[in-house]
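>>> Output the structure for:
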Amino acid sequence: MAITASMVAELRAKTDAPMMECKKALTEAEGDMERAEELLRVKLGSKAGKAASRITAEGVVSSFVDGTTGALVEINCETDFVSKNDSFLAFTKATAELIAKHNPADVAALSALAYEQDGFGPTLEDVRKGLIGKIGENMAIRRFQRYANGGKLASYLHGTRIGVMVEFDGDDVAAKDVAMHVAAMKPVALSSNDVPAALIEKERSVATQKAAESGKPADIVAKMVEGSVQKYLKEVSLFDQVFVKAADGKQTVAAMLKDKATAIKGFTMYVVGEGIEKKVDDFAAEVAAQVAAAKGQ
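Residues are numbered from 1 along each chain as shown. Next comes the predicted model:
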């Protein structure tokens, strides 16, 4: 497969690796972007993963909390300019409130809800299409999470690009601090036991390839791999992470919560555009098509 300059640039943007290393990795991976990224991690270590979650789409994360009921939602648009538009921001806030109050099963059910709280008026989908026609840019409700299990809720928004909601019992301040910690440190699970198996296997694969290059005996390689996996689990598990506000720089989140008699039941974190790749096609033609479609419906 021919490796194009745009493919090399995309991999470089994801990994911060040198241009030539990106080209070599893509060539070896026969154009498979995910495999090339893994090869770079094996060769260059953690540096190659630093920009892997770089934001590649615009939008807003919004939240709504009313007592023990709350919602977190991500709504995407095409440009940063629109993400600051007052009408778009009002739409995102209203969407979060609708989710919390009506418990839709999915985005389709959410879109069918009446935008006005009295149950009358246009649907959320009608309003979305109207905004597309007015602003001239596509926008979409990507994902949401609703909480209504009776636990207390704490939310934290880092601007409009990172949003966290934490369900807890105990101290309000401690829970808010945990929400801020999650936004900063981005754990993937509460504990190591909760880390998805697919993520562990991917980390094990990278560690195995790196250890194999050491030339050490098989038993030593096995220990190196296991050590790498355990280190990874501590780095991505909320309770095992060092609390960002720890005075001694050593106290874990679990230890802080124990001191504050607080229990975290769960959390959700959304980063705007996480995992989305921007298209590089004819933007003007796409917008024109979207506006025409919106007017025709």
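>>> pLDDT weak spots in the stretch 1-150 of the chain?
15-16, 44-56, 117-121 (pLDDT under 70).
>>> try 90 this time
Residues of the stretch 1-150 of the chain that meet the criterion pLDDT under 90 lie in 1-25, 29, 33-58, 78-82, 115-122, 129-139.
>>> quick one, phi/psi of the residue of the chain most remote from its centre?
Of all residues in the chain, P217 has its C-alpha farthest from the mean position, at 39.0 Å, by Cα atoms, centre = their mean. With angles defined as degrees, to the nearest 10, P217 sits at phi -60, psi 160.
>>> Could you check the pLDDT of it?
On pLDDT, P217 comes in at 85.
>>> now swap in L257 and tell me
98.
>>> tell me the contacts of it?
Counting by Cβ atoms under 8 Å, 6 or more residues apart in numbering, L257 touches 170, 174, 178, 239, 263-264. In short, each C-beta sits where N, CA and C put it, glycine included.
>>> Most widely separated two among those?
G170 and F239 (14.3 Å; Cβ to Cβ).
>>> Between those two, which has more neighbouring residues?
Neighbours were counted for G170 and for F239 using other Cβ atoms under 10 Å; F239 has more, 20 against 15.
>>> any idea how far the more buried one is from A114?
41 Å (Cβ to Cβ, to the nearest Å).
>>> my guess is G266 meets L190, correct?
Yes. With contacts counted by Cβ atoms under 8 Å, G266 reaches L190, the gap being 6.9 Å.
>>> What is the burial count for V164?
Neighbour tally, V164, other Cβ under 10 Å: 26.
>>> May I have the secondary structure class of it?
Here V164 is recorded as strand under DSSP: H, G, I helix; E, B strand; the rest coil.
>>> all helices for the protein, in order.
5-15, 19-28, 33-44, 80-83, 86-102, 107-111, 124-135, 172-185, 197-212, 218-236, 253-259, 283-296 (DSSP state H).
>>> what about stretch 244-254, average pLDDT?
93.
>>> which parts of that stretch are buried?
Using 16 or more other Cβ atoms under 10 Å as the test for burial, stretch 244-254 gives 244, 252-254.
>>> Kindly reformat those as JSON lines and extend each row with distance to L153.
Output for the buried residues of stretch 244-254, formatted as JSON lines (distance: Cβ to Cβ, whole Å):
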{"residue": "V244", "distance to L153": "20"}
{"residue": "T252", "distance to L153": "23"}
{"residue": "V253", "distance to L153": "18"}
{"residue": "A254", "distance to L153": "20"}
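>>> Could you single out the nearest of those residues to E226?
Nearest to E226 among those, with distances taken as Cβ to Cβ, is T252, at 21.1 Å.
>>> isn't the closest one right next to D240, touching?
Yes. Checked against Cβ under 8 Å, the pair T252 and D240 is within contact range at 6.0 Å.
>>> Overlap of the contact sets of those two?
With Cβ under 8 Å, 6+ apart, T252 and D240 have no common neighbours.
>>> Select, out of the helices of the chain, the one closest to A148.
Here helix 86-102 is closest among the helices of the chain (Cβ to Cβ), at 7.7 Å.
>>> could you give the angle of the closest one to helix 124-135?
Angle, helix 86-102 to helix 124-135, by axes from the mean of the first three to the mean of the last three Cα atoms, to 10 degrees: 170 degrees.
>>> How far away from the center of its chain is helix 86-102?
Centroid separation for helix 86-102 versus its chain: 19 Å, with Cα atoms, centre = their mean, to the nearest Å.
>>> next one: stretch 62-77
Relative to its chain's centre, stretch 62-77 lies at 15 Å (Cα atoms, centre = their mean).
>>> One more: stretch 126-133?
26 Å.
>>> ok, now stretch 223-234?
Centre to centre, stretch against its chain (Cα atoms, centre = their mean), the figure for stretch 223-234 is 24 Å.
>>> Ok, stretch 209-218 next?
With Cα atoms, centre = their mean, you get 33 Å for stretch 209-218.
>>> For it, buried residues please.
210-211.
>>> rewinding a little: tell me which of the helices of the chain lies nearest to G67.
Of those, nearest to G67 by Cβ to Cβ is helix 86-102, at 9.8 Å.
>>> What lies in contact with the closest one?
60, 62-66, 69-73, 75, 77, 82, 104, 110, 113, 115, 117, 124, 127-128, 131, 134-135, 139, 141, 144, 146, 148, 160.
>>> Can I get it as CSV, trimmed to CA atoms?
Extracted in CSV, the C-alpha atoms of helix 86-102 (Å, rounded to 0.1, in the frame of the first residue of the first chain):
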residue,chain,number,x,y,z
ASP,A,86,-25.0,31.4,22.3
SER,A,87,-27.8,29.5,20.5
PHE,A,88,-25.6,26.3,20.3
LEU,A,89,-24.7,26.6,24.0
ALA,A,90,-28.4,27.0,24.9
PHE,A,91,-29.2,23.9,22.9
THR,A,92,-26.6,21.9,24.8
LYS,A,93,-27.8,23.0,28.2
ALA,A,94,-31.4,22.2,27.3
THR,A,95,-30.4,18.8,26.0
ALA,A,96,-28.7,17.9,29.3
GLU,A,97,-31.8,18.9,31.2
LEU,A,98,-34.1,16.9,28.9
ILE,A,99,-31.9,13.8,29.5
ALA,A,100,-32.1,14.1,33.2
LYS,A,101,-35.8,14.7,33.4
HIS,A,102,-37.1,12.3,30.8
